[in-house]
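*Asks:* Curious how this folds, go ahead:
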Amino acid sequence: MLRFKLHQLQIPSLGRYFLPLPKLNDAQIAGVFSHLAGRGFKVQMSGGPGKLTATKGAQRIAVDGRLGVAGSGSDMLDAIAPAIPSLLASRRADGGHEGDLGERYFSLKRSRGSVQLQLFPRLESLRAWTSLRRDGLCGLTPDEAAVVGHLLGKASSSQRVECVTAIPREGSIPLQIGRNLYYRSEVPVAEFVSSIATIYTGAGKSACYLPRDSVIAVAGMRIDARISAEELGEWCLLD
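*Replies:* Predicted coordinates:
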């Protein structure tokens, strides 16, 4: 049985719906194109590699297959959900591997004993990040949380990271977003990994979030950048 849970997220302050998808290869992106065209959408590739737009009446859907997300001003489940089983089946069937898995999730820079991680989340960055905090939501998917855990899971108890928290810590700086109050905080790496909010756990009182720029710096730590499919769980079945 193919495992992939669909969780459509509405962000009211953006006036948009978002549907996290598996990270798609070129054949699967073509499959989405054909699926939507078959449902009466006018579909075209636009905006860069792996990206397409589909319009039908008043609905417009934008899909970024490589990032793994679809966005629209209205509900997309009826349009896209039926395509998921065949997309996952084709991924298992084609047997190819397109590039390094880690490159789909992060880049890594090492400098003078410190490591800087630039993460590439589907929703938890930039404009969507601010709107998610304003609406009290979280858009981090389970595979993205698994990558964070893999990269930072071997940190020592003394190592700390800068992030955003729902409650203040010693030295925290308040961060007002809409009616919600968050804090720029420095917390132990282990606490950050165990408390990071996801699209399923939601925005709990003890939640930690990625910084708005999705950059995490850790001093004096060796990081294993090799990611395996088994670590990502049901959200990313690799080709």
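*Asks:* name the element L117 belongs to?
*Replies:* strand 114-119 (DSSP states H and E).
*Asks:* And the next helix or strand past that strand?
*Replies:* Counting by DSSP H and E, what follows strand 114-119 is helix 126-134.
*Asks:* Output that next one as PDB, nothing but the C-alphas.
*Replies:* What follows is helix 126-134, C-alpha atoms only, in PDB (Å, rounded to 0.1, in the frame of the first residue of the first chain):
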ATOM      1  CA  LEU A 126       9.700  34.200   3.800                       C
ATOM      2  CA  ARG A 127       6.200  35.500   3.000                       C
ATOM      3  CA  ALA A 128       4.400  32.300   3.900                       C
ATOM      4  CA  TRP A 129       6.400  32.100   7.200                       C
ATOM      5  CA  THR A 130       5.000  35.400   8.400                       C
ATOM      6  CA  SER A 131       1.500  34.600   7.400                       C
ATOM      7  CA  LEU A 132       1.600  31.200   9.100                       C
ATOM      8  CA  ARG A 133       2.800  32.800  12.400                       C
ATOM      9  CA  ARG A 134       0.100  35.500  12.000                       C
END
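*Asks:* Give the next helix or strand downstream of it.
*Replies:* Next along from helix 126-134, by DSSP H and E: helix 142-152.
*Asks:* just the strands in this protein please.
*Replies:* 9-11, 16-20, 42-45, 51-56, 59-64, 69-72, 106-111, 114-119, 160-165, 173-177, 180-188, 208-209, 215-219 (DSSP state E).
*Asks:* about what we covered before: what's the distance between the strand holding L117 and the middle of its chain?
*Replies:* 17 Å (C-alpha atoms, centre = their mean, to the nearest Å).
*Asks:* could you check the angle strand 215-219 makes with it?
*Replies:* Compare the direction of strand 114-119 with that of strand 215-219 by axes from the mean of the first three to the mean of the last three C-alpha atoms, to 10 degrees and you get 160 degrees.
*Asks:* wait, G178 sits on R134?
*Replies:* Yes - taking contacts as C-beta atoms under 8 Å, G178 lies within contact range of R134: 3.7 Å. C-beta coordinates here come from the backbone N, C-alpha and C atoms, glycine included.
*Asks:* ok so, going back, adding mean neighbour count, mean pLDDT and distance to A128, write the strands of the chain out as TSV.
*Replies:* Formatted as TSV, these follow (neighbours: other C-beta atoms under 10 Å; pLDDT from 0 to 100; distance: least, C-beta to C-beta, whole Å):
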stretch	mean neighbour count	mean pLDDT	distance to A128
strand 9-11	18	96	7
strand 16-20	21	96	8
strand 42-45	14	97	23
strand 51-56	18	97	16
strand 59-64	20	97	12
strand 69-72	21	96	9
strand 106-111	13	87	18
strand 114-119	17	89	14
strand 160-165	20	94	14
strand 173-177	13	96	13
strand 180-188	17	95	15
strand 208-209	22	96	12
strand 215-219	16	87	16
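*Asks:* do you know which of those lies nearest G153?
*Replies:* Nearest to G153, of all those, is strand 215-219, at 11.7 Å by C-beta to C-beta.
*Asks:* residues touching R184, list them.
*Replies:* E162, C163, V164, S172, I173, L175, P211 (C-beta atoms under 8 Å, 6 or more residues apart in numbering).
*Asks:* one more time with 6 Å
*Replies:* R184 sits next to I173, L175 when contact means C-beta atoms under 6 Å, 6 or more residues apart in numbering.
*Asks:* I'd like the distance between it and I173.
*Replies:* The gap separating R184 from I173 is 4 Å, by C-beta to C-beta, to the nearest Å.
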